[in-house]
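# Sequence and predicted structure are below.
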Amino acid sequence: MSGGDPNVGSQGSGGPNQRLLDILAHAANDFIALPTSASSGVIDRTLREVGELFMVDRAYLFEIHENGRQMSNTREWCAPGVSPERENLQDLPTDICDWWMGMLRTGQAINLASLDELPAEARGSRAILEPQGIQSLLALPLIRDGRLTGFVGFDHVRSRRVWGPVEVAILKLLVGFFGQSFERARAEQRLLLAATVFDHAHEGIFVTDANQKILEVNPGFTQITGYTRQDAVGQTPQLLSSNTHEPAFYEALWKSVLTTGHWRGEIRNLRKSGEPYLETLTISAVHGDHGGVTHYVGVFQDITQLKRQQERLQYMAYNDHLTDLPNRAQLARTMTQTLAQSQRSGDMVAVCYLDLDHFKPVNDRHGHDAGDRLLQETARRLKSALRGGDTVARLGGDEFAMLLQGLTSEADCREVLDRVLKCVREPFPITPEMSETLSASIGVRLVPADDLLERDPDALLRQADQAMYVAKQEGRGHAHFFDARSDSDSAKRKSRIGQVERSLQAGDFVILFQPIVDLKTGEPVLAEALIRWRMPGDTLKAPGEWLDAIKEHRLMVDLGAFVLERALESCRTWQDAGFRSGVSVNVSARELRERDFAQNLRRLLKSLGPWPSSLLKLEVVESAALHDLAAISRLIQECSAEGVRFSLDDFGTGYSSLSYLKQLPTASLKIDQSFVAHMLFDEGDRAIVAGVIELARVFGRSSIAEGVESTAHMKLLRSMGCDLAQGYGIAEPMRLERYMNWCRAWPERRMAIMGLENDS
Ligand code: C2E
Ligand code: MG
Ligand code: MG
């Protein structure tokens with residue numbers, strides 16, 4: 001079709017402008033009246049109607065993608081006989097036609113009677129339009145929120161057409177309707193999504209107006225609170241209040257909402273049924289266009305169950321399940337608080353360790369249930385014998401701890417303990433006909449408020465435990481008080497600790513090595529690392545004079561780490577020089593109690609590179625190992641997994657029973673030198689040494705004799721089946737260099753010194 005004046009109606013019912021207005025009215029009406037799902041049909045129809053009215057060859061819609069960098073032809077109508085182009089016009093970069101997009105972005109229509117009207121800079125547009133054989137075209141922008149989101153175009157391919165201003169104006173209006181219908185569809189989608197979230201959220205949600213009147217609640221709200229939508233709408237969230245929070249709580253809540261826009265926290269409310277529940281609630285203020293609050297939105301979650309579970313776990317971690325008393329962990333926490341308190345108040349605290357006498361036989365005779373009941377009854381009695389503010393805890397088995405506070409004197413404490421001892425002596429009913437009478441032994445560590453040194457709850461409890469052992473040895477059924485050192489002693493100890501600490505920093509400690517040899521072959525298999533304190537003038541102080549003062553102090557851990565590291569380094573040095581012995585290092589109970597002992601050891605061994613950890617042996621003094629048998633045997637197992645072995649040192653000085661020994665997986669027993677020293681003359685000691693050697697053999701451990709001072713000792717020990725020996729008779733403890741020289745010279749001398757017959 002060619003020109004004419006297109007703006008002057010000429011054909012049919014009212015001419016093209018009238019027809020165009022009809023199309024516009026039809027579209028406008030449908031966009032308003034029909035659901036958004038019908039919009040795309042209306043757009044297709046409208047493109048076709050406009051196309052047919054003006055003999056357009058192609059009418060189409062382009063939409064720019066969300067990213068703004070690409071666009072696609074999404075709707076197209078073609079006149080009969082005109083090939084569609086839509087397939088070829090997908091995901092086009094928007095920047096290839098800058099001129100075109102620039103025009104549309106400023107809201108202008110592109111109205112070209114011929115492609116010759118394209119300016120020179122519209123090269124990109126020309127490259128797209130020319131191949132399509134376009135003669136004339138009209139493009140109208142789709143603008144939303146001031147942003148170009150697409151355009152509608154009408155192409156003439158087989159003819160030319162000049163679009164008149166009225167047509168362009170009406171078509172612009174029409175395209176505006178397209179834009180609005182898109183906008184509506186998008187808004188509806190967003191609403192739909194929001195509604196879905198609202199309806200399906202497990203959280204309870206309520207929306208109020210600015211006066212906190214509830215406008216809407218979701219099904220989650222009803223599920224949690226029991227209030228239906230009808231119940232809640234028109235009320236305020238006060239509806240749920242349990243009256244357990246102070247007014248100040250709500251004041252702080254609303255203050256936060258008003259100043260920061262939200263509040264988040266836990267709140268205790270009531271369900272419709274009256275049942276209380278705990279929720280985490282977030283309240284957010286919604287601001288309108290003019291800045292004022294228009295709504296509040298509350299989102300909450302029922303955490304009653306979760307909280308209960310948490311509390312249950314917490315309870316289990318800190319309480320003994322049989323008696324409901326606090327357990328060891330809880331006791332440690334309470335002790336820390338109580339000690340701090342007493343320091344402030346100036347009162348005395350007593351840490352008491354209570355063990356039932358002869359409980360085991362009762363348990364064996366009447367069975368575990370009866371035993372359990374007896375322990376429960378004991379717990380009840382102990383609680384009632386103490387005063388408010390005092391604590392009873394169960395440490396395990398038939399062992400309890402008591403923490404007495406607010407004491408003014410030892411007499412004060414004895415009074416309470418007399419009550420305790422008396423209540424335990426009351427008969428325990430086992431069956432309606434039978435009862436058992438028990439007693440208790442108590443060890444007491446009194447802590448005066450000014451005794452700052454012993455603030456470590458662990459150490460105090462251990463001292464009480466030691467005192468309890470004494471009470472048992474003294475004949476059971478009474479309390480024994482731990483002999484706390486006098487003030488002057490503790491001051492001395494404090495200054496000792498200070499000196500050791502400074503010397504450790506200054507590098508004034510050295511390690512000596514004393515060989516441990518195989519009694520049958522004379523081969524040095526280990527060297528024990530022994531620490532010395534270097535004094536001015538280079539004299540060396542043996543640990544007997546000072547180690548006790550720091551044994552229970554944290555410093556012991558540092559000192560131990562120093563020894564271990566040095567000992568391992570030295571061992572590597574003599575290994576590199578061709579000497580095969582391993583190294584044996586003493587570790588104190590304080591070091592073993594360090595939570596990460598095994599981990600640190602592992603790290604240290606690793607830092608030495610590929611190096612057999614079986615070269616390392618750790619010596620634990622028997623009495624120290626017995627204190628916390630379970631923990632130490634666990635630790636030994638953990639370290640054994642790394643290949644490190646253990647010796648039980650000074651064996652015979654503790655109170656190891658066979659069952660203890662069985663539980664401690666150490667590789668060797670070191671027979672205490674006090675027995676070895678006199679074994680040549682003292683029959684009793686000789687019997688003990690023989691006994692320990694036999695014990696070691698039965699349990700599959702090796703035996704090591706310490707303090708071997710002569711060839712005669714070695715001969716006798718060998719004949720008794722002892723495996724290894726250490727002592728001045730073989731060599732004194734030596735510095736590393738001297739130890740290596742000794743190793744070099746030893747093969748020549750060992751036959752004579754050890755009383756070996758020949759080298760077989
Ligand atoms: P221990 O582990 O039983 O070490 C053996 C002690 O006996 C050493 O005393 C050693 O010098 C001494 N001894 C060796 N042969 C003979 C002998 O033939 N006759 C006599 N009478 N004594 C002999 P030392 O070096 O004074 O150590 C005493 C204790 O101090 C050690 O007893 C050990 O328990 C502790 N100790 C030494 N070094 C360390 C260390 O680095 N860490 C820890 N935690 N304790 C250490
Ligand atoms: Mg030792
Ligand atoms: Mg020893």
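Right, received. Where do you want to start? Ligands and ions are numbered 1, 2, ... in the order given.
# Over to residue 402. Which of the three states is it?
Following DSSP: H, G, I helix; E, B strand; the rest coil, we place residue 402 in the strand state.
# Tell me the spacing between residue 506 and residue 498.
Distance of residue 506 to residue 498, computed by CB to CB, to the nearest Å: 13 Å. Where you see a C-beta, it was placed from the backbone N, CA and C, and this is true even at glycine.
# tell me the contacts of residue 30?
38, 42 (CB atoms under 8 Å, 6 or more residues apart in numbering).
# how about the nearest residue to the residue in the stretch 251-400 of the chain that ligand 3 sits nearest to, chain neighbours excluded?
The nearest approach of the stretch 251-400 of the chain to ligand 3 comes at residue 353, 27.4 Å away (CB to the ion). Sequence neighbours aside, residue 464 is the residue nearest to residue 353 in space, at 3.9 Å (criterion: CB to CB, 6 or more residues apart in numbering).
# Starting from the helix or strand hosting the one you found, tell me the next helix or strand along the chain.
Using DSSP states H and E, the element containing residue 464 is helix 457-473. Sequence-wise, the next helix or strand downstream of helix 457-473 (DSSP H and E) is strand 479-481.
# do the helix or strand following that next one and ligand 1 meet?
Sequence-wise, the next helix or strand downstream of strand 479-481 (DSSP H and E) is helix 487-506. No: Helix 487-506 is not in contact with ligand 1 by CB under 6 Å from any ligand atom; minimum separation 12.0 Å.
# quick one on the thing from earlier: so the residue of the stretch 251-400 of the chain closest to ligand 3 sits in a strand?
Yes: secondary structure of residue 353 (three-state DSSP): part of a strand.
# could you list every residue that touches it?
395, 399-401, 442-444, 461, 464-465, 467-468.
# gap between the residue nearest to residue 353 and residue 472?
Residue 464 is 13 Å from residue 472, by CB to CB.
# Settle it for me: which of these two has more neighbours?
Neighbour comparison, residue 464 and residue 472: the larger count goes to residue 464, with 26 against 16 (by other CB atoms under 10 Å).
# which residues touch that one?
Contact analysis of residue 464 by CB under 8 Å, 6+ apart lists 351-353, 401, 443-445, 482.
# element containing the residue in the stretch 651-760 of the chain positioned nearest to ligand 2, please.
Taking CB to the ion as the measure, the stretch 651-760 of the chain has residue 670 as its residue closest to ligand 2, at 6.4 Å. Counting by DSSP H and E, the element that carries residue 670 is strand 668-671.
# cool, and residue 561?
helix 555-576.
# quick one: contacts of that helix?
497, 500-501, 504, 509, 511, 513, 527, 529, 531, 550, 581-583, 585-588, 590-591, 594, 600-601, 604-605, 608, 611, 615-616, 736, 739-740, 743.
# Now which of those residues would you call buried?
When these are checked for burial by 16 or more other CB atoms under 10 Å, the buried set is 497, 500-501, 504, 509, 511, 513, 527, 529, 531, 550, 581-583, 585-588, 590-591, 594, 600-601, 605, 608, 615-616, 736, 739-740, 743.
# Residue 111 is in what secondary structure piece?
strand 110-112.
# where in the chain is pLDDT low?
Segments of the chain classed as low confidence (criterion: pLDDT under 70) are 1-14, 451-454, 484-491, 627, 654-659, 758-760.
# domains for it, by residue range?
2-191, 195-308, 342-486, 499-754 (automatic domain parsing).
# From the opening residue of the longest one to its closing one, how far?
Between the start and the finish of domain 499-754 there is a gap of 41 Å, counting by CA to CA, to the nearest Å.
# That one near ligand 3 at all?
Yes: judged by CB under 5 Å from the ion, domain 499-754 comes into contact with ligand 3 at 649-650, 706.
# Of those residues - the most surrounded one?
Neighbour max across those (other CB under 10 Å) = residue 649, 27 neighbours.
# What separation do you get for that one and residue 372?
For residue 649, the distance to residue 372 - CB to CB - is 38 Å.
# Next: residue 209.
Relative to residue 372, and taking CB to CB, residue 209 is found at 61 Å.
# Residue 286 too?
On the measure of CB to CB, residue 286 and residue 372 end up 60 Å apart.
# again with residue 338
The value you get for residue 338 to residue 372, if CB to CB is used, is 29 Å.
# Name the residue in the two with the higher neighbour count.
Taking neighbours as other CB under 10 Å, residue 338 and residue 372 compare with residue 338 leading, 23 against 13.
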